[in-house]
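prediction below, plus the sequence it came from.
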Amino acid sequence: MGIIEKIKEIEAEMARTQKNKATEYHLGQLKAKLAKLRTQLLEPPKGASQGGDGFEVTKFGHGRVALIGFPSVGKSTLLTLLTGTHSEAASYEFTTLTCIPGIIHYNDAKIQLLDLPGIIEGASEGKGRGRQVIAVAKSSDLVLMILDASKSEGHRQILTRELEAVGLRLNKRPPQIYFKRKKTGGISFNSTLQLTHVDEKLCYQILHEYKIHNAEVLFREDASVDDFIDVIEGNRKYIKCVYVYNKIDVIGIDDVDRLARKSNSIVISCNLKLNLDRLLAKMWEAMGLVRVYTKPQGQQPDFSEPVVLSTDRGGCSVEDFCNHIHRSLLKDVKYVLIWGMSAKHYPQRCGTAHVLQDEDVVQIVKKKEKEEEGGGRGRFKSHTTAPARISDREKKAPLKT
Ligand SMILES: Nc1nc2c(ncn2[C@@H]2O[C@H](COP(=O)(O)OP(=O)(O)OP(=O)(O)O)[C@@H](O)[C@H]2O)c(=O)[nH]1
Ligand SMILES: [K+]
Ligand SMILES: [Mg+2]
């Protein structure tokens, strides 16, 4: 029996099994079996060359966003609109057959947007180009799940299931479970709080399924069996996802309203170019991107080219900022002066652990370098006002030095 048949068999057995206290252990075991098979399915066949027929596209810019959706929901239309790179769009399904990259220029940052072939139910098991498409989704910093607002709302669940089946976890953070395999000593199981979804016996059983007999387990939250399996598998990818309901020009206002209220969702129309600005703002926020402007001593900040950091990847501390400019910079930094949202007053003197916010201005004061006390002019000299964003006017018309 092939892996896919085995998966189907276990899924059928799980569907047949009633969920109650008596079947809890059995179901847990089935879940572990299923997870193991799915991991097997993802491993490239022995002897096969790595990559080749995948959709390898070089990463570019400050982040990568993948367009995932059923055929003909408007992925290519959206890529063309947002990036100016033409991607063929048509009313028939599977118009796009490969990965087409474009670049979004937004907030002085460059975001790589990837158009992809449509995927269908069963994609995770190899239907269509599903596996390659999902591999690209895994390499992204954000998934835009494009949905046709006029079609079944079940599509969102089907796609989410397909992505979950290959180890993607959308809009979740890793479970707070410490897990370490050991060579000897048996299994030590602990929790810092009362667990309501799993107990020690169930966890032992799952570990047994994985043939793990020595390990340290510590639950730091009231996690589920699925969470525990995710931690054991260790290959899960936690990615943000924005659900984009396209084609709202063909549905009624009540439906638009309902879809717009769903969590992590946005409604758009490519045809009418509706809400595309809001979509970009939402992407920016979801990717945790932060612009930081450098201000040389005695001069105005350079508003033309921000350093773009991400709260999710790499972090946004002053240390991250310095490392971004130059690896060897950090050791010379005495402290920094900060103007902007993260500062309590202007300028605030901070250490390298300080966390920056979008549109902050930073002046680095190096060791053995004299501080510019009051040397700046206008907004960027020392004074105390409530924190505020650096206004667009200040960026456009910097004061003369
Ligand atoms: N009514 C309406 N139609 C749209 C909208 N956006 C795209 N379409 C149409 O939907 C059809 C499919 O668009 P595509 O951009 O090719 O969709 P896709 O998701 O890239 O399709 P595949 O590459 O085949 O997976 C085209 O006929 C578009 O003109 C929209 O906002 N409203
Ligand atoms: K199409
Ligand atoms: Mg397309």
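Structure received. Ligands and ions are numbered 1, 2, ... in the order given.

all strands of the stretch 101-250 of the chain, in order?
Secondary structure of the stretch 101-250 of the chain (DSSP state E, counting those that start in this stretch): strands at 109-115, 142-148, 168-170, 177-181, 187-191, 215-219, 237-246.

out of the ones you listed, which one sits most buried?
Ranked by mean neighbour count under mean count of other Cβ atoms under 10 Å, these are led by strand 142-148, which reaches a mean of 24. Placement of C-beta: from N, CA and C, glycine included.

what residues does that strand touch?
With contact meaning Cβ atoms under 8 Å, 6 or more residues apart in numbering, strand 142-148 is reached by 63-70, 72-75, 78, 137, 155-156, 159-160, 163, 168, 170, 239-247, 283, 286-287.

note down every partner strand of that strand and its orientation.
Using DSSP bridges, the strands paired with strand 142-148 are strand 64-69 (parallel), strand 237-246 (parallel).

now distance to ligand 1 and mean pLDDT too, for those strands, in CSV please.
Formatted as CSV, the strands paired with strand 142-148 follow (distance: least, Cβ to the nearest ligand atom, whole Å; pLDDT from 0 to 100):
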stretch, distance to ligand 1, mean pLDDT
strand 64-69, 6, 97
strand 237-246, 5, 97
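
now those as TSV including distance to ligand 3?
Formatted as TSV, the strands paired with strand 142-148 follow (distance: least, Cβ to the ion, whole Å):
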stretch	distance to ligand 3
strand 64-69	8
strand 237-246	12
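
want to throw these into a markdown table with distance to Gly340?
Shown next, in a markdown table, are these (distance: least, Cβ to Cβ, whole Å):
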| stretch | distance to Gly340 |
| --- | --- |
| strand 64-69 | 26 |
| strand 237-246 | 24 |
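
nearest to Ile364 among those would be which one?
Of all those, strand 64-69 sits nearest to Ile364, with 29.3 Å by Cβ to Cβ.

near ligand 2, anything from that closest one?
No: under the criterion of Cβ under 5 Å from the ion, ligand 2 is not reached by strand 64-69; the shortest gap measures 10.4 Å.

any idea how far that strand is from the chain center?
From the chain centre to the centre of strand 64-69 is a distance of 11 Å (Cα atoms, centre = their mean, to the nearest Å).

so what's the residue count around Lys201?
As a burial measure, Lys201 scores 12 neighbours (other Cβ atoms under 10 Å).

that one touches Tyr25, doesn't it?
Yes: at 6.9 Å, Lys201 counts as touching Tyr25 under the criterion of Cβ atoms under 8 Å.

tell me which of the strands paired with strand 142-148 sits nearest to Ile10.
Across the strands paired with strand 142-148, closest to Ile10 is strand 237-246 (Cβ to Cβ), at 22.7 Å.

helix or strand next in line after the closest one, which one?
helix 253-260 (DSSP states H and E).

now do the buried residues in that following helix.
For helix 253-260, the neighbour count (16 or more other Cβ atoms under 10 Å) marks Asp255, Val256, Leu259 as buried.

tell me the one among the residues you listed nearest to ligand 3.
Ranked by distance to ligand 3 (Cβ to the ion), the buried residues of helix 253-260 are led by Leu259 at 21.6 Å.

so which bits of the chain are right by ligand 1?
For the chain, the contact set with ligand 1 under Cβ under 6 Å from any ligand atom comprises 69, 71-77, 89-91, 93-96, 117-118, 246-247, 249-250, 269-271.

5 Å instead?
Applying Cβ under 5 Å from any ligand atom, one finds that the chain approaches ligand 1 through 71-77, 89, 91, 93-96, 118, 247, 249-250, 269-271.

buried ones among those?
The neighbour-count test (16+ other Cβ under 10 Å) applied to these identifies 71-77, 89, 95-96, 118, 247, 269-270 as buried.

check Lys21 and give its pLDDT.
If you check Lys21, the pLDDT there is 85.

mind telling me which residue of the stretch 251-400 of the chain is nearest ligand 2?
For the stretch 251-400 of the chain, Cβ to the ion, closest residue to ligand 2: Cys270, 11.9 Å.

which ones are touching that residue?
Counting by Cβ under 8 Å, 6+ apart, Cys270 has contacts Gly74, Thr77, Leu78, Leu81, Asn246, Lys247, Leu276.

confidence score at the residue nearest to it when sequence neighbours are not counted?
Nearest non-adjacent residue to Cys270, counting by Cβ to Cβ, 6 or more residues apart in numbering: Thr77, 4.4 Å away. Per-residue pLDDT puts Thr77 at 98.

any idea which element Thr77 lies in?
helix 75-83.

near ligand 3, which residues of this protein?
By the rule Cβ under 5 Å from the ion, the part of the chain lying against ligand 3 is Lys75, Ser76, Thr95, Thr96.

make TSV out of the strands of the stretch 101-250 of the chain and add distance to Asp226.
Below are the strands of the stretch 101-250 of the chain laid out as TSV (distance: least, Cβ to Cβ, whole Å):
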stretch	distance to Asp226
strand 109-115	28
strand 142-148	20
strand 168-170	10
strand 177-181	11
strand 187-191	17
strand 215-219	14
strand 237-246	14
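
which strand or helix spans whatever residue of the stretch 301-401 of the chain ends up closest to ligand 1?
Going by Cβ to the nearest ligand atom, ligand 1 is nearest to Asp312 of the stretch 301-401 of the chain, at 26.6 Å. Using DSSP H and E, Asp312 is not contained in any helix or strand.

in contact with it, which residues?
Asp312 neighbours (Cβ under 8 Å, 6+ apart): Asp141, Lys240, Met287, Gly288.
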